[in-house]
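Trainee: Attaching a predicted model along with its sequence, questions to come.
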Amino acid sequence: MSALRLLRISWVLQLKMIMRSPFDGFGNVIYPLFFATVAFFVFRAGGGPRTLLYASLGAAVMGMWSSVSTSSGTAMQRERWWGTLELVVSAPRHFSLVLLPATLGLATVGIYNLIATLLWGRLLFGINLSIAHPLLFAFSVIAAVLAFGGLGFLFAVSFVRYRYAWVLGNFFEYPVWLICGFLVPLTLLPRWVPPISWVFAPTWGMNAIRESALGGTPLPDLLVCLALGSAYVAVGILVTDRVLRAARVSGSLSLT
Amino acid sequence: MTAAARLFFVGGITSFRALWNWLSPWIYIPTMLISPIFQILLFAYIGRSAQLESDEFYLIGNALQYASIPCLFAMSQMISGERYQNTLSAILVSPAPRIPLFFGRSLPVILNGALVSAFSLAAGSVILGVHLPASSFAPLALVILVAAFSCTGLGLVNGAVSLRIRENAVLNNVIFGFLLIFTGANVPLDALPGWMSTAAQAMPFTHAIEAARQLAAGSSLGDVSGLLGAELLIGAVYAVIGYSVLRWFERQARLHATLERS
């Protein structure tokens, strides 16, 4: 119970900090809108069978991923820069309870990205958003947020010994946009790519959101998305233990 | 070598090395060499998905447009990096002539931006299997260099603005986004609303991207000289505006003692 309380309080605190950060709270929110705008223009001018609604949903989830990928890589780095990393690592609670809310907070901002992109498409391009299964759509968005937060957490702890973690965070933005079926169906990609896409929860989160909006069967995708998100958190906790032990042994936590 | 030329060349390269001392291969390779390839692939596949334009269209558009990342960020770093290292006031209090001081810093930025573009174009064409005629290599190299110059001109404006604002990383990303939409890198200009395609005529890359596409289609350098001239002119206008704004903000910063505001 106290672990849940810590998660909740840390999540609220992180969310407040993110919303006040010009980069995370403003830059990361409007940046994906530029890509969404390009996608809307391209799909509107193109002669393909995919609709603007298809593009709108894909672009919206692109924004969700952006808010996580760009900054989660540096979630642990930020504690290092602020000089608080040693304090939170030596605190009696498991470090993952401190770090997970940070990436969950970033993923939560993704909901704002999603709404902003859908509204952008509605107001500027006249994309009529009709959601076939509103309740399942809401569940799919929440599942995506949790899974994205879990993947961000895994990124954050995996990059901790890497001095330039922010580079990897930025680096993963385009590849995930490309291979997770946001705007490009997996069937268009080379045959060796989809098996890689299946390991990433955003693929299943995107499917669940699209299926629930367009009237398909989102439940299987939603469950896989949640299962992968849980797996990321479990692996992340194991990685956290390992890297922190190694950092303590070698005295390299601060990387200075 | 005269003092001004020394300041231009030696000062420019020294400043670039000093301000980018953190730019190790661990950062440079993912950010400058691999990311643009993924941007090219992303839009090439979006184009296939939407059935709009060829791979060559997106390859050329994005390879050139990605030069905006090194050009814009490096030019804003010219001010914010000096401020971060507490050397901005020492530089601005010096009697050094400002034209070689600031424009010398632009030269390595232009060369780096051109290198990033050329690499992206070459690697992207191999990955996507886009054939570019051998006769177009040299003219394309010139177009890339001109595009990098033009964007660095805009970067100088951005650098000047960095004297007044703190969040230049956000500003850089916003300018990058506008260039992505407006310049025809991914959306044909005739598919944009009229006011957007008109505004694109005053932006870096628009004419260079069009010139590069024509060269790849078999045109000669002479055929695209008008487009190249327009791109050069746009870069020069931005450079003059940037320099003027920089001097004005420098005077304002002295008057109001806001130079080190961070």
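Mentor: Good, I have the coordinates.
Trainee: Could you pull up phi and psi at B:Ile144?
Mentor: phi -60, psi -40 (degrees, to the nearest 10).
Trainee: B:Tyr66 is in contact with that one, correct?
Mentor: No: B:Ile144 is beyond contact range of B:Tyr66, at 10.9 Å (criterion: C-beta atoms under 8 Å). Any C-beta I mention is one placed from the backbone N, CA and C, and that applies to glycine too.
Trainee: okay, and the common contacts of those two?
Mentor: B:Ser117 (C-beta atoms under 8 Å, 6 or more residues apart in numbering or on different chains).
Trainee: between those two, who's got more neighbours?
Mentor: Neighbours were counted for B:Ile144 and for B:Tyr66 using other C-beta atoms under 10 Å in any protein chain shown; B:Tyr66 has more, 28 against 23.
Trainee: Could you pull up phi and psi at the more buried one?
Mentor: With angles defined as degrees, to the nearest 10, B:Tyr66 shows backbone torsions of phi -70, psi -20.
Trainee: Leaving out sequence neighbours, find the closest residue to it.
Mentor: B:Pro36 (3.9 Å; C-beta to C-beta, 6 or more residues apart in numbering or on different chains).
Trainee: who's in contact with residue 189?
Mentor: Because you didn't say which chain, this covers chain A. So A:Leu189 contacts A:178-179, A:197, B:45 (C-beta under 8 Å, 6+ apart).
Trainee: nope, chain B please
Mentor: Applying C-beta under 8 Å, 6+ apart to B:Leu189 gives the contacts B:197, B:200, B:206.
Trainee: hang on, the earlier thing: show me which of the contacts of A:Leu189 is closest to B:Asn168.
Mentor: Set against B:Asn168, the nearest of the contacts of A:Leu189 by C-beta to C-beta is A:Leu178 (28.2 Å).
Trainee: Low-confidence stretches in the chain?
Mentor: If you meant another chain, say so; for now it's chain A. Filtered on pLDDT under 70, chain A yields the residue ranges A:1, A:25, A:48-49, A:161, A:255-256.
Trainee: that answer is for a different chain, and I need it for chain B
Mentor: If you take pLDDT under 70 as the line, chain B has these spans: B:1, B:21, B:260-262.
Trainee: Can you give me the neighbour number for residue 253?
Mentor: Here I'm looking at chain A. Neighbours of A:Leu253 under the rule other C-beta under 10 Å: 18.
Trainee: right idea, wrong chain: chain B
Mentor: Neighbours of B:Ala253 using other C-beta under 10 Å come to 18.
Trainee: in the strand or helix carrying it, what counts as buried?
Mentor: Secondary structure from DSSP states H and E places B:Ala253 in helix B:225-256. The neighbour-count check on helix B:225-256 (16 or more other C-beta atoms under 10 Å in any protein chain shown) flags B:227-228, B:230-232, B:234-235, B:238-239, B:242-243, B:245-246, B:249-250, B:253 as buried.
Trainee: from those, which is closest to B:Leu156?
Mentor: Closest to B:Leu156, out of all of the buried residues of helix B:225-256 and judged by C-beta to C-beta, is B:Gly242, at 2.9 Å.
Trainee: who in the stretch 1-150 of chain B is up against chain A?
Mentor: Residues of the stretch 1-150 of chain B that fall close to chain A, judged by C-beta under 8 Å from any C-beta of the partner chain: B:24, B:26-27, B:30-31, B:34-35, B:38-39, B:41-43, B:45-52.
Trainee: Among the residues you listed, the buried ones, what's the ChimeraX command?
Mentor: A single ChimeraX command suffices to select whichever of the residues of the stretch 1-150 of chain B next to chain A are buried according to 16+ other C-beta under 10 Å:
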select /B:27,30,31,34,35,38,39,41,42,43,45,46,47,48,49,50,52
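Trainee: most surrounded residue in the contacts of A:Leu189?
Mentor: Using other C-beta under 10 Å as the neighbour test, the contacts of A:Leu189 are led by A:Ile179, with 25 neighbours.
Trainee: would you turn the contacts of A:Leu189 into CSV with secondary structure and distance to B:Gly159?
Mentor: Compiled in CSV, the contacts of A:Leu189 are given as follows (DSSP: H, G, I helix; E, B strand; the rest coil; distance: C-beta to C-beta, whole Å):
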residue, secondary structure, distance to B:Gly159
A:Leu178, helix, 32
A:Ile179, helix, 36
A:Ser197, helix, 40
B:Tyr45, helix, 35
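Trainee: Sticking with the residue nearest to B:Tyr66, tell me its helix or strand.
Mentor: Assigned by DSSP H and E, B:Pro36 belongs to helix B:35-50.
Trainee: Likewise for B:Ile13?
Mentor: Here B:Ile13 sits within helix B:12-19, counting by DSSP H and E.
Trainee: Over to A:Met62?
Mentor: Element membership of A:Met62, judged by DSSP H and E, is helix A:52-72.
Trainee: Please tell me how far that helix is from the chain's geometric centre.
Mentor: 9 Å (C-alpha atoms, centre = their mean, to the nearest Å).
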